[in-house]
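Peer 1: Only the shape, not the letters, is given here:
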């Protein structure tokens, strides 16, 4: 048996027997649920993160991710199936290492792979024969082979010979109660047949359904395709909203009627802009990579322009409504933004359009506050560090009455919309939540 066969067959056998130890780098919205799913699948799992507060909370059985209840975290941790550390030297203990780190954009909308690159360097310093390294972070086709592989091979070990390389895109949907990490089909690919077999065997023990694809680039393209599909269709309804507004037509009524067609139509909904780590970012990964092969991505770029422009459209609608209905300029108004999170019922502000709305209103002289039942204080962000420290205000009839306008940016369920409808002087509803809740008020303007 060759050394290649020895390393590969030994690791594949350890995966099948669940003797393989798994490591997960990055214990955020993707990494922590994945680590727990691996532990519940029968593997011993070690989580890695640079944030010591996360490790402290895990050790105390206090989850910071809604998808992982405290009781589940406590069960896996107490049973010794899951532990967490900031000590990256312990990567050498792991047979399978999954990378779940951010892949944001630079200020110029180019891919920022610094987290992936730095993580690969951390792994490379501890890399040993017989390990499977998997990237889960969303990225452009070619990243695993063109960026990760050279860094990992720089020490002299070779992919497919000494260690093995795979890609499996995360498919988390924060706040979605219908699907868990273990029940979402998992796309997998490997660098060579043996790595592909390892990916299928490992993830087949962790999730209910594995979807193998032919190449790493195909797997990378799958995730981009899923999110570009959503981004383009959301841009379409955002544009239709603006067109129909000018015609005096309610786009929400149009969508509700259109979705009764049992074939050939899928409803998407407008909003104040795109949020989350995926949809506002992933399309730009493909548009950037497409320049390398000299292929235009006009459709995708146009969708990005439309979605990026939506916060300004909302602010313009707000300013117009303040002027026409209350005779007040935005610069002299107090505005309450309802919802800081990018989607309802989650404490996640990544790329949230609410932050852009707040910034635009402040730039125009408004006195702006926010209420969010999930986010007590604005944390530090890369683009909106000047908003850090602002705190959520109490939502009472008295507090609402003290604002000239309320802008619904996120339609959290834990909000008394009936009270707001009765109290607010002006409501700008970007989510159609008042109509959906059956709350009617002459003060409501849709945007």
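Peer 2: That came through fine. Just so you know, these numbers come straight off a predicted model, no measurement behind them.
Peer 1: From the contact counts, what lies against the helix or strand hosting residue 337?
Peer 2: Assigned by DSSP states H and E, residue 337 belongs to strand 334-338. In terms of contacts (3 or more C-beta pairs under 8 Å, 6 or more residues apart in numbering; DSSP states H and E), strand 334-338 is packed against helix 353-363, strand 367-371, strand 405-408. C-beta: built from backbone N, CA, C; applies to glycine.
Peer 1: for the ones you listed, which one sits closest to residue 239?
Peer 2: helix 353-363 (16.1 Å; C-beta to C-beta).
Peer 1: mind listing the strands for the stretch 101-250 of the chain?
Peer 2: Assigned by DSSP state E, counting those that start in this stretch, the strands in the stretch 101-250 of the chain fall at 132-135, 164-167, 186-190, 210-212.
Peer 1: contact partners of the helix or strand in which residue 398 is found?
Peer 2: Element membership of residue 398 [criterion: DSSP H and E] is helix 397-401. Helix 397-401 has contacts (C-beta atoms under 8 Å, 6 or more residues apart in numbering) with 336, 393, 406, 419-420, 422-425.
Peer 1: now do stretch 93-100
Peer 2: Contacts of stretch 93-100 (C-beta under 8 Å, 6+ apart): 11, 14-15, 20-28, 30-31, 34, 38, 43, 46, 91, 116, 119-120, 123, 130-137, 168, 170, 198, 202.
Peer 1: What residues sit buried inside that stretch?
Peer 2: By 16 or more other C-beta atoms under 10 Å, the buried positions in stretch 93-100 come out as 94-100.
Peer 1: just stretch 350-362 next, same as before
Peer 2: Across stretch 350-362, burial judged by 16+ other C-beta under 10 Å covers 350-361.
Peer 1: same question, stretch 10-24
Peer 2: Neighbour-count burial for stretch 10-24 [16+ other C-beta under 10 Å]: 10-12, 14-15, 20-24.
Peer 1: what about it, how long is it end to end?
Peer 2: 21 Å (C-alpha to C-alpha, to the nearest Å).
Peer 1: Let's test this: mean pLDDT of that stretch, rounded?
Peer 2: Averaged over stretch 10-24, pLDDT sits at 96.
Peer 1: just checking, what packs against the helix or strand bottoming out on mean pLDDT in the chain?
Peer 2: Least confident helix or strand of the chain, by mean pLDDT, DSSP states H and E, is helix 3-16 with a mean of 84. Packing partners of helix 3-16 (3+ C-beta pairs under 8 Å, 6+ apart): helix 193-204.
Peer 1: Next, the angle helix 3-16 makes with the helix it packs on.
Peer 2: 10 degrees (axes from the mean of the first three to the mean of the last three C-alpha atoms, to 10 degrees).
Peer 1: And helix 193-204, what's buried?
Peer 2: 194-204.
Peer 1: Output those as CSV; include the columns pLDDT and distance to residue 397.
Peer 2: Output for the buried residues of helix 193-204, formatted as CSV (pLDDT from 0 to 100; distance: C-beta to C-beta, whole Å):
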residue, pLDDT, distance to residue 397
194, 96, 65
195, 97, 61
196, 98, 60
197, 97, 63
198, 98, 60
199, 98, 56
200, 98, 58
201, 98, 59
202, 98, 55
203, 98, 51
204, 97, 55
